[in-house]
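> Predicted model, plus sequence, below.
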Amino acid sequence: MTQTTQDQLGQTLWGIANELRGTMDADDFRDYMLAFLFLRYLSDNYEQAAEKELGRDYPAPKGGRSPLAIWYDDNPDDITAFEKQMRRKTHYVVLPEHLWSSVAHLARKHSPVLLDTLQNGFTYIENESFDRAFAGLFSEIDLTSRKLGKTYENRNAKLATIITKIAKGLADFSTDTDTLGDAYEYLIGQFAAGSGKKAGEFYTPQRVSDILSAIVTLDSQEPTTGKRDHLGSVMDFACGSGSLLLNVRKRMGPHGIGKIYGQEKNITTYNLARMNMLLHGVKDSEFEIYHGDTLANDWDWLREPNPARRPSFDAVVANPPFSLRWTPGEATSEDPRFTDYGLAPKSAADFAFLLHGFHYLKDDGVMAIVLPHGVLFRGGTEATIRQKLLKDGHVDTVIGLPANLFYSTGIPVCILVLKKCKKPDDVLFINASERFKKAKRQNVLTREHIDEIVATYRDRPESIERYARRVEMDEIEENEYNLNITRYVSTAEPEVQVDLAKTHAELVQIEEDIRTAAATHNAFLKELGLHPLPAPER
């Protein structure tokens, strides 16, 4: 499917969302619509695999019933063996009555059992479909909510309308994994655009994501050699809907990453991320998304006390909440994530997030994190942490981005690239703050802007006028470890140098030309018997 067609599908689904949600909050309707899109993906993928598995025994649909429903009725003794085989091949099972085609048929008929069938289907998928349970995957999809209608009948009718519209909208498009995955991403982006500040909880703009994923997939020590062949693991400890992790996977290819790890505190967003992974064809054995608090480090697996067995990652990417207030406990100062550097202030957890990710980075890994500019120059304990990271040679690159790129804030942000072992004894500064295209709501980065940033990081030039410069540690020390980008790379146009002697000579010549011209003019006036021009004042 072409990019144009993919965009058309996304726009079609977004149009349906706007048409149907009525007075329902956009975030609530988002959860319903994305859940139905996810069910469509699971069903299509499963039915295609089932048809391949059953071959000639796969029946034709009849009377609105799905082929699998017919096969189940005709072959009751073979169901267990069939489902065992499907779990081996597709990693999950969907019962015939829960397939999208069956649900859409019930919706078209406005069947009174639609709502109950959906609820049973969601419960089965959460607890029975996969080899490992996806408990709570649909926990935010409340089919009994009065937002859908006051009575069961009203809610059932509303669901029938929504599902019928979605089924009709999808009918004209291919629904392979990439297509539905892109449609899912498109809708997340559109809902994020309408969510304002709340969008920061679950969405990193695609172009910013492109920069992070490009950086961490290049060779960590020799970026000029190009992309790595394989990443054993990648981690996003504030993964939102999982878009950033999927961007890394897309760049590496479906078999280029050993395993994907993520952590997310918000339950709704956590479920979006799990659906997003599966919808993009990532098998349940190829990713692990944990619902928990990163700052509290409540994922037991990460709290392994033995350093030799502690998890670590080839790449760490993150776009954590900006300047989040946090409350470190009494024992936090002894937390191994922070003992070497100190605690971030309660007023801004930016460095707490950074140090968490850095703690779990492999020695030859790369970390790229989006943060507010304040981390570059704020004083107090943040200055101490920043100085220690710089003295230890862990800050590789500082990239300044334009303002108003994010739905959640209009402030300019930066990307910090960190490494535990880096070759150059300097810091690369890239000032891309003025490289953007204005759009209706936000500023946007074009493909050219992204390529320029990534190429500059990769090639690490000594200097590019008004854009980038490698800065030695001596100069950073002279600036008291302040990393404010404009101290090192200013985008200001240089002032034009004025040659005062030359300018004075030109003014004298102009005065002489004026006197000569006036004398000539007055001579003509005298011949005509007219008064001469008044003499200029001195």
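Right, received. Where do you want to start?
> Output the below-cut-off pLDDT ranges for the stretch 151-300 of the chain.
Low-confidence segments of the stretch 151-300 of the chain, defined by pLDDT under 70: 174-178, 193-203.
> run the last query once more with 80
172-186, 188-203 (pLDDT under 80).
> Kindly list the longest strand within the protein.
For the chain, the longest strand by residue count, based on DSSP state E, is strand 361-372.
> nearest spatial neighbour of the residue nearest the centre of the chain, skipping sequence neighbours?
With distances taken as Cα atoms, centre = their mean, T204 lies nearest the centre of the chain, 2.9 Å away. Sequence neighbours aside, N319 is the residue nearest to T204 in space, at 4.4 Å (criterion: Cβ to Cβ, 6 or more residues apart in numbering). Every C-beta, even on glycine, is put in place using the N, C-alpha and C of the backbone.
> just how off-centre is stretch 428-448 within its chain?
Between the centre of stretch 428-448 and the centre of its chain there are 16 Å (Cα atoms, centre = their mean, to the nearest Å).
> Do me a favour and get the end-to-end distance for that stretch?
From its first residue to its last, stretch 428-448 covers 20 Å (Cα to Cα, to the nearest Å).
> The closest residue to D28 other than its chain neighbours: what's it in contact with?
Closest residue in space to D28, ignoring its immediate chain neighbours: K147 at 5.9 Å, by Cβ to Cβ, 6+ apart. Contact analysis of K147 by Cβ atoms under 8 Å, 6 or more residues apart in numbering lists 24-25, 28.
> Same question for F38.
With Cβ under 8 Å, 6+ apart, F38 has these contacts: 184, 275, 278-279.
> now with 6 Å?
By Cβ atoms under 6 Å, 6 or more residues apart in numbering, the contact list for F38 reads 275, 279.
> Quick one: classify the nearest residue in space to W301 that is not next to it in sequence as helix, strand or coil.
The shortest distance from W301 to any non-neighbouring residue, by Cβ to Cβ, 6+ apart, is to P311 (6.3 Å). Assigned by DSSP: H, G, I helix; E, B strand; the rest coil, the conformation of P311 is coil.
> since we're on F138, how many residues are nearby?
21 (other Cβ atoms under 10 Å).
> Just confirm it is within a helix.
No - looking at F138 with three-state DSSP, it is coil, so not inside a helix.
> mind listing the helices in the stretch 201-350 of the chain by residue range?
206-217, 243-252, 267-279, 350-359 (DSSP state H, counting those that start in this stretch).
> hang on, I meant the stretch 351-500 of the chain
Counting by DSSP H, counting those that start in this stretch, the helices of the stretch 351-500 of the chain are 381-391, 447-459, 473-478, 500-527.
> Which one, of those, ends up nearest to D340?
Of all those, helix 381-391 sits nearest to D340, with 7.2 Å by Cβ to Cβ.
> Tell me the predicted confidence for T2.
In this model, T2 is scored at 60, pLDDT.
> What of the one 5 residues further on?
At D7 the predicted local confidence, pLDDT, stands at 69.
> for A517, same thing?
At A517, pLDDT is 89.
> how about the residue nearest to D28, secondary structure?
Recorded secondary structure, K147: coil (three-state DSSP).
> which SSE is the nearest residue to L99 once chain neighbours are set aside in?
Take L99 and drop its neighbours on the chain: the residue closest to it by Cβ to Cβ, 6+ apart is S43, 4.3 Å away. Assigned by DSSP states H and E, S43 belongs to helix 26-54.
> Just give the number of residues close to the closest residue to E472 other than its chain neighbours.
Once flanking residues are discounted, E472 sits nearest to D426: 5.1 Å by Cβ to Cβ, 6+ apart. Neighbour count of D426, defined by other Cβ under 10 Å: 19.
> Isn't D426 up against E475?
No - when contacts are counted by Cβ atoms under 6 Å, D426 is not listed as touching E475 (8.9 Å).
> Check the gap between the spatially closest residue to K419 that is not a sequence neighbour and D229 for me.
Once flanking residues are discounted, K419 sits nearest to D396: 5.0 Å by Cβ to Cβ, 6+ apart. D396 sits 21 Å away from D229, taking Cβ to Cβ, to the nearest Å as the criterion.
> The two: which has the busier surroundings?
Between D396 and D229, D396 has the larger neighbour count (other Cβ under 10 Å), namely 23 against 9.
> and the nearest residue in space to N297 that is not next to it in sequence, how far is that from D293?
Counting by Cβ to Cβ, 6+ apart, N297 lies nearest to R303, which is 6.1 Å off, once chain neighbours are set aside. As for R303, its distance to D293 is 12 Å (criterion: Cβ to Cβ).
> same check, this time on A368
22 Å.
> more crowded one of those two?
Neighbour count, other Cβ under 10 Å: between A368 and D293, A368 has more, with 26 against 12.
> and that one, what is it in contact with?
Contacts here follow Cβ under 6 Å, 6+ apart; on that basis A368 touches 212, 215-216, 317, 415, 417.
> R466 too?
So R466 contacts T491 (Cβ under 6 Å, 6+ apart).
> change the start of the numbering to 14 and stick with it
Done: numbering now begins at 14, and the last item shifts to R479.
> Read off the pLDDT value for it.
92.
> Ok, S421 next?
Looking at S421, its pLDDT stands at 65.
> just the one 5 residues further on next, same as before
You'll see V426 listed with a pLDDT of 92.
> So L337 sits against A361, correct?
No - in this structure, L337 is not within contact of A361 by Cβ under 6 Å, at 7.2 Å.
> which of those two has more neighbours?
A361 (22 against 15).
> quick one: contacts for that one?
Taking Cβ under 6 Å, 6+ apart, we find A361 in contact with S336.
> Would you mind measuring from it to T394?
10 Å.
> For the stretch 314-463 of the chain, which segments are assigned as strands?
326-331, 374-385, 408-413, 426-431, 439-444, 450-451, 456-457 (DSSP state E, counting those that start in this stretch).
> just those: most buried one?
Each of the strands of the stretch 314-463 of the chain was scored by mean neighbour count; the highest is strand 326-331, a mean of 26, by mean count of other Cβ atoms under 10 Å.
> Mind exporting the C-alpha coordinates of that strand to PDB?
Backbone C-alpha positions of strand 326-331 (Å, rounded to 0.1, in the frame of the first residue of the first chain) are rendered in PDB as follows:
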ATOM      1  CA  PHE A 326      20.300  -2.700  27.200                       C
ATOM      2  CA  ASP A 327      22.100  -2.000  23.900                       C
ATOM      3  CA  ALA A 328      19.900   1.100  23.300                       C
ATOM      4  CA  VAL A 329      17.900   3.300  25.600                       C
ATOM      5  CA  VAL A 330      15.400   5.800  24.300                       C
ATOM      6  CA  ALA A 331      13.000   8.000  26.200                       C
END
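> Show residues contacting that strand.
225, 229, 244-251, 257, 370, 373-375, 378-382.
> now the angle between helix 256-265 and it, please.
130 degrees (axes from the mean of the first three to the mean of the last three Cα atoms, to 10 degrees).
> ok and strand 326-331 relative to strand 374-385, angle-wise?
With the same axes, to 10 degrees as the basis, strand 326-331 and strand 374-385 are set at 10 degrees to each other.
> next one: strand 326-331 to chain centre, how far?
Distance, centroid of strand 326-331 to centroid of chain: 14 Å (Cα atoms, centre = their mean).
> Let's test this: mean pLDDT of it, rounded?
For strand 326-331, the mean pLDDT works out to 98.
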